[in-house]
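S.K.: here is a sequence with its predicted model. Questions after.
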Amino acid sequence: MAYNTPTQSGGNDKSERNIRYLDRDFSSFRNSLINFSKTYFPDTYTDFSPNSPGMMFMEMASYVGDVLSFYQDNQIQETFTQYARQTPNLYQLAYMMGYKPNVTGAAVADIEIFQTVDAVSFEPNFGNAVTIPSNTVIQSSIEGKSSFILDDFIDFSISSSTDPTEVTVFSVNGSDQPTRYLLKKTRSAISAATASINFSFGDFEKFPTVTIQDENIIKIISCVDSKGVTWYEVPYLGQDSVFEPSSPASAGDPYILSLRRTGNRFATRFLAKNQLQIQFGTGEGTLSDATLVPSPHNVGKGNTNDRATTAFSPANFTFTNTYGTAPVNDTLTFTYLKGGGISSNASANTLTNINTGGVTGGDADARNSIVCNNPNAATGGSSGDSPDQLRENSLRMFGTQLRSVTADDYTVRALSMPGIYGSVGKIYVEPQKIANSQRIGKPNTLDMYVLGFNSNNQLVAADSTLKDNLKTYLSQYKMVSDTVSVKDGFIINIAVDFSIVLRPNYAGNKVLNDCLNAAKDYFNIDKWQINQPIFLSDISTLLDKIEGVQTVKSVQILNKSGEAAGYSKYSYDVIGATQNGTVFPSQDPCIFEVKYPDSDIRGSITTF
C-alpha cells in the first residue's frame with residue numbers, strides 16, 4: 001500500500017494522487033470516490049445528491065469494486081487450510097500436506113463363519129475343511145441393505161494364535177459319541193462391493209490422466225493391463241518402490257514381504273466426492289529407467305565450470321526423472337471398492353447370507369453347511385471426511401509425514417504391519433545400550449525386541465520370517481540415519497500365590513474363586529507389555545475389593561523356568577528384583593507371563 005501526497009491542494013498535478021487500496025466494501029468505495037472527487041475535482045463536479053448522474057457512476061464503480069473484493073477475499077481464503085470452505089480446494093490442500101481424503105466411510109463388522117465336518121475316530125475330519133476366498137460377499141437378511149465382503153481368506157484346516165479355529169461338538173449319536181464337529185472362524189468384513197472400469201491409452205503422452213466417476217469410492221485394489229502386467233498405486237509418482245508379498249512356503253505361514261522397484265505405477269487423488277483422478281508418469285515404455293537416473297557419468301557432462309556452481313537436488317539421486325512409465329497403446333483394467341456410508345452400519349444378527357460360489361475343498365455336505373452371522377452391529381460407516389475433519393486430518397498428517405522418529409513411532413508402526421506378514425505379539429523399542437555396543441556401534445541404533453504368540457495365546461520367540469518382514473516393512477518409514485536391530489525379547493514365566501482373610505458369613509469357595517478369576521484377568525497376557533513391572537500393592541488392592549474379602553494377608557511372585565516343564569528357559573531372581581513392593585524387570589527387556597493361569601495362580605484362605 002502506498003499513499004502519494006499531492007503537491008498542490010487544488011489537484012492540478014495529475015501525476016500524483018492519494019489513492020487508497022484498503023477500501024473493501026460498497027460503502028467504503030462510495031465514500032472514497034466522493035472524497036476523491038471533492039479533493040481533486042472541486043470545481044468540476046459538485047452535485048453529490050443521491051439522484052445525480054455523477055453519483056450513479058460512483059455507485060456503479062463501488063458495486064464493481066465490492067464484487068471484485070469479495071471474490072479476491074474468497075480466493076485468498078481458499079488457499080488456507082484453516083479457512084477454506086470449498087471441498088475441492090480442501091482436497092487439494094490435503095494432498096499438499098500428505099493426507100488422502102476419505103469420501104466415504106466403510107462400516108466394519110466381525111463375522112463368525114461356521115462349517116461342519118464329519119467325525120473320524122471321534123476327531124474332526126479336517127480333510128473336509130473348506131477354504132473361502134477373500135472378497136467373498138455377505139448379504140444382509142434385510143432387503144436393500146449394504147453388502148459386505150471378507151477382507152481375508154479362510155482356511156478351516158489351519159489354526160494358529162492369530163487365526164484360531166474353534167472346534168465344538170455339533171451332533172452325537174445314541175451313545176453320546178460325536179458324529180459331526182462345528183468349526184468356527186472370525187473375520188473382519190467391510191461394507192463394500194467391487195467394481196471395475198477399463199481405460200484405453202493411445203500414443204505416448206506425458207503424465208496421462210483418467211478419471212473414475214462413481215459414488216462412494218473407497219480405494220483401488222488392483223490394476224492390470226492387457227498383457228496381465230500389474231500396475232501399482234503409490235502415494236506420489238516419485239516413489240519407485242512398493243511392498244509386494246510372496247506366497248508363504250506352507251499353509252499357515254506368514255507371507256514374505258519384499259520391496260519391489262517398478263516403473264508401472266500410478267498415483268490417485270480425489271477431485272470431488274465422486275471423481276477419482278488417476279495419473280501416470282512421463283517415461284516411455286521403450287526407454288530404460290536406468291538411463292535417466294542421475295549419476296557421476298551423466299551429471300558431470302557439460303561445461304565443468306557451470307556444473308561446479310549448480311545446486312543439484314538430492315532427490316534426483318533417489319528417484320528417476322520419468323516418475324514411472326506412461327501406458328502406450330494399451331488398455332488398463334481398474335478394480336476398486338465402493339460403498340460405505342451411514343446406512344451401511346448393519347444391525348447385529350443381520351449379515352447371514354454368504355456367497356459360497358468360490359468355496360473350495362471339502363465334500364458337498366461340508367460346503368452346504370457353511371453359515372455366517374455378525375453377533376455385534378457393524379460400525380464405522382460414515383459419509384466421509386467433513387470439511388472440519390479434512391482440515392484437522394491434513395494438519396495432523398503434515399506433522400507426522402508417516403515417518404518414525406521416536407521410539408513410540410517405531411512401536412506403533414511395527415504393530416500396524418498387515419497381519420498377512422506375521423503378527424507381532426509384544427514389542428519394545430529402546431536406543432542401543434552403549435555398554436553392549438561394539439566399537440563400531442552407532443548412537444542412533446535402535447534395538448527392537450519382539451515376541452509372538454503360539455496357538456494357545458502363549459508368548460514365544462518370533463520366527464525369522466516375521467523379523468525379516470518387520471525389517472523390510474520398517475525400511476520405508478525409518479529415518480535415513482536410524483538403524484533398527486530386531487531382537488527376541490526375554491520371557492519370564494511366573495506363578496502367583498496369595499492368601500486372604502474371609503469376612504464372616506461368606507462362602508469361602510465362592511470368594512476364593514472370585515479372587516482367582518480377578519487375578520487371572522489381571523495377569524491376562526494381552527494386558528502386559530515388555531519391561532512392565534509388577535506392583536504387589538495393585539494386586540492386593542484388586543483382591544481386597546472382592547466381596548467377602550476382609551484383607552489380603554500376602555501376595556507372592558514365584559519364578560517358573562525349565563523347558564522340560566513347559567516353561568521359559570530363562571530363570572529370574574524375583575526376590576532380588578523386588579524392591580519396595582515392586583518386582584522390577586531385568587535390564588535386558590523382558591516380560592512377565594503367567595503361562596498356565598489355571599495351575600500357576602493359587603490362592604488360600606487364612607486367619608489373622
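M.R.: It's in.

S.K.: only C-alpha atoms from now on, for both contacts and neighbour counts.
M.R.: Fine.

S.K.: give me the number of residues near the spatially closest residue to Asp163 that is not a sequence neighbour?
M.R.: Distance criterion C-alpha to C-alpha, 6 or more residues apart in numbering; nearest residue to Asp163, sequence neighbours excluded, is Lys185 at 7.6 Å. Neighbourhood size, Lys185 [other C-alpha atoms under 10 Å]: 19.

S.K.: and if you look at Ser258?
M.R.: Ser258: 17 surrounding residues under other C-alpha under 10 Å.

S.K.: just to revisit the earlier point, the residue nearest to Asp163: what's it in contact with?
M.R.: By C-alpha atoms under 8 Å, 6 or more residues apart in numbering, the contact set of Lys185 is Glu112, Ile113, Phe114, Ile154, Phe156, Asp163, Pro164, Thr165, Glu166.

S.K.: helix, strand, or coil at it?
M.R.: strand (DSSP: H, G, I helix; E, B strand; the rest coil).

S.K.: what do you get for Arg413?
M.R.: Of the three states, Arg413 takes helix under three-state DSSP.

S.K.: Thr472 against Ile256, yeah?
M.R.: No - counting by C-alpha atoms under 8 Å, Thr472 stays clear of Ile256, with 9.7 Å between them.

S.K.: which one's more surrounded, these two?
M.R.: Looking at Thr472 and Ile256 with other C-alpha under 10 Å, you find the greater number of neighbours at Ile256, namely 19 against 16.

S.K.: for the more buried one, give its distance to Val549.
M.R.: Using C-alpha to C-alpha, to the nearest Å, Ile256 is found at 52 Å from Val549.

S.K.: just the buried members of the contacts of Lys185?
M.R.: Among these, those classed as buried by 16 or more other C-alpha atoms under 10 Å are Glu112, Ile113, Phe114, Ile154, Phe156, Asp163, Pro164, Thr165.

S.K.: show me the two of these that sit farthest apart.
M.R.: Distance extremes for these: the farthest pair is Phe114 and Asp163 at 14.1 Å, using C-alpha to C-alpha.

S.K.: isn't Ser383 up against Ser344?
M.R.: No - look at Ser383 against Ser344 with C-alpha under 8 Å: they stay out of range, at 10.1 Å.

S.K.: more neighbours: which of those two?
M.R.: For Ser383 versus Ser344, the count of surrounding residues by other C-alpha under 10 Å is larger for Ser344: 24 against 17.

S.K.: coming back round to it: lowest pLDDT pick from the contacts of Lys185?
M.R.: For these, the weakest pLDDT value sits at Asp163, with 80.

S.K.: Arg30 - how many residues pack around it?
M.R.: Residues near Arg30, counting by other C-alpha under 10 Å, number 21.

S.K.: hey, what's Lys560 bridged with?
M.R.: Asn493 (DSSP bridges).

S.K.: same check, this time on Ser196
M.R.: Thr335.

S.K.: which residues does it contact?
M.R.: Contacts of Ser196 (C-alpha under 8 Å, 6+ apart): Thr333, Phe334, Thr335, Tyr336.

S.K.: now do the strand or helix carrying the first one: which elements does it pack against?
M.R.: In other words, Thr333. Element membership for Thr333 (DSSP states H and E) is strand 330-339. Secondary-structure packing of strand 330-339 (3 or more C-alpha pairs under 8 Å, 6 or more residues apart in numbering; DSSP states H and E): strand 192-201, strand 217-225.

S.K.: run through who's touching the following helix or strand past it.
M.R.: As assigned by DSSP H and E, the chain's next helix or strand after strand 330-339 is strand 351-354. For strand 351-354, contacts defined as C-alpha under 8 Å, 6+ apart pick out Ile111, Thr136, Val137, Ile138, Gln139, Ser140, Ser141, Val371, Cys372, Asn373, Asn374.

S.K.: thinking again about what came up before, most tightly surrounded among the helices and strands packed on strand 330-339?
M.R.: Of all those, strand 217-225 carries the top mean neighbour count, a mean of 18, counting by mean count of other C-alpha atoms under 10 Å.

S.K.: assign a three-state SS to Ile575, would you?
M.R.: Note that with three-state DSSP, the state of Ile575 is helix.

S.K.: still on that earlier bit, what is the nearest of the buried ones among the contacts of Lys185 to Met448?
M.R.: Using C-alpha to C-alpha, Asp163 is the member of the buried ones among the contacts of Lys185 that sits closest to Met448, with 24.6 Å.

S.K.: shouldn't Val450 be in contact with Ala462?
M.R.: Yes - look at Val450 against Ala462 with C-alpha under 8 Å: they come within range, at 6.6 Å.

S.K.: before we move on, the earlier item: with the contacts of strand 351-354 in mind, which one is nearest to Ile221?
M.R.: Thr136 (14.6 Å).

S.K.: what sits against the closest one?
M.R.: Thr136 neighbours (C-alpha under 8 Å, 6+ apart): Ile149, Leu150, Ile354, Asn355, Thr356, Gly358.

S.K.: Ile212 too?
M.R.: Each residue near Ile212 by C-alpha under 8 Å, 6+ apart is listed here: Ile197, Asn274, Gln275, Leu276, Gln277, Ile278.

S.K.: mind checking which of those land in strands?
M.R.: Of those, the ones assigned to strands by DSSP state E are Ile197, Gln275, Leu276, Gln277, Ile278.

S.K.: coming back round to it: can you put the contacts of Ser196 in a markdown table and add distance to Lys545?
M.R.: What follows is those, written out as a markdown table (distance: C-alpha to C-alpha, whole Å):
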| residue | distance to Lys545 |
| --- | --- |
| Thr333 | 63 |
| Phe334 | 59 |
| Thr335 | 57 |
| Tyr336 | 54 |
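
S.K.: quick check: PyMOL command selecting the buried ones in those.
M.R.: Provided next is the PyMOL selection string for whichever of the contacts of Ser196 are buried by 16+ other C-alpha under 10 Å:
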select buried, resi 333+334+335+336
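
S.K.: what pLDDT does the residue most central in space within the chain get?
M.R.: The chain has Ser416 as the residue nearest its centroid, 6.7 Å off, counting by C-alpha atoms, centre = their mean. Listed pLDDT for Ser416 reads 76.

S.K.: tabulate the CA atom coordinates of stretch 473-484 in PDB.
M.R.: Presented in PDB, the C-alpha positions along stretch 473-484 are these (Å, rounded to 0.1, in the frame of the first residue of the first chain):
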ATOM      1  CA  TYR A 473       8.300 -53.000   6.400                       C
ATOM      2  CA  LEU A 474      10.100 -50.500   8.600                       C
ATOM      3  CA  SER A 475      12.600 -49.600   5.900                       C
ATOM      4  CA  GLN A 476      10.100 -47.400   4.200                       C
ATOM      5  CA  TYR A 477       9.300 -45.400   7.300                       C
ATOM      6  CA  LYS A 478      12.500 -45.100   9.300                       C
ATOM      7  CA  MET A 479      14.800 -42.100   9.300                       C
ATOM      8  CA  VAL A 480      17.800 -42.500   7.000                       C
ATOM      9  CA  SER A 481      20.300 -42.200   9.900                       C
ATOM     10  CA  ASP A 482      18.500 -44.800  12.000                       C
ATOM     11  CA  THR A 483      19.500 -48.400  12.200                       C
ATOM     12  CA  VAL A 484      16.900 -50.800  13.600                       C
END
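
S.K.: go through it and flag the buried ones.
M.R.: For stretch 473-484, burial by neighbour count (16+ other C-alpha under 10 Å) applies to Tyr473, Leu474, Gln476, Tyr477, Lys478, Thr483, Val484.

S.K.: quick check: longest helix of this protein.
M.R.: As assigned by DSSP state H, the longest helix anywhere in the chain is helix 53-77.

S.K.: what average pLDDT does that one get?
M.R.: 91.
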